[in-house]
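Student: Sharing a model prediction with you, sequence too.
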Amino acid sequence: MGGMRIPPVRDFMTTSPRTIGARDTMAQAHRMMREARVRHLPVVDDDRLVGVVTAGDLHLMETLKDVDPEAITVEEAMSQGAYAVTPDTLVDEVVAEMARHKYGCAVVASHGKVVGILTCVDVYRAFAELLHSATLRD
């Protein structure tokens with residue numbers, strides 16, 4: 001793979017991902033995940049990224065006693081401090097960071113607004129594409 005240009009995240013991210021409001025309920029997050037068939041939702045407050053809620057976060061909250069998914073907000077269930085990158089961040093840097101911290105996704109933001117998400121599935125697709133390109137060159 002010598003001489004290969006490392007592409008930016010924008011080349012592999014899922015664009016315009018579904019987002020959920022911090023004050024929406026866990027039940028709403030579940031419904032949105034089911035409809036969109038996703039496991040990660042960037043959480044926004046006034047269109048500003050404030051965290052990420054995952055299917056695992058929701059499940060963990062639901063194992064606690066007296067949790068009503070119709071009453072508990074996403075803000076209470078989400079992981080604070082989402083791993084956020086810009087569309088121009090190089091994909092190798094993002095993937096290394098995801099692996100190092102075992103992040104399930106990187107939220108792609110531009111000027112504080114969510115513009116994409118890079119999930120493990122996107123990473124697998126990128127890896128396959130980059131390997132394929134490399135073998136065509138050799």
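Tutor: Looks like it arrived, so ask away.

Student: Burial check on the residue nearest to Val53 when sequence neighbours are not counted, number of neighbours?
Tutor: Of all residues not flanking Val53 in the chain, Met78 sits nearest, at 4.1 Å (Cβ to Cβ, 6 or more residues apart in numbering). Glycine gets a C-beta too; all of them are placed from N, C-alpha and C. Residues contacting Met78 under the criterion other Cβ atoms under 10 Å number 24.

Student: Surely Met78 and Gly51 touch.
Tutor: Yes. In this structure Met78 lies within contact range of Gly51 using Cβ atoms under 8 Å: 4.0 Å.

Student: okay, and the common contacts of the two?
Tutor: 22, 43 (Cβ atoms under 8 Å, 6 or more residues apart in numbering).

Student: Which residue, other than its chain neighbours, is closest to Ala77?
Tutor: In space, Ala77 is closest to Met61, 4.5 Å off (Cβ to Cβ, 6+ apart).

Student: and after the helix or strand containing the one you found, which helix or strand comes next?
Tutor: Assigning secondary structure by DSSP states H and E places Met61 in helix 55-63. Downstream of helix 55-63, the first helix or strand assigned by DSSP H and E is helix 74-77.
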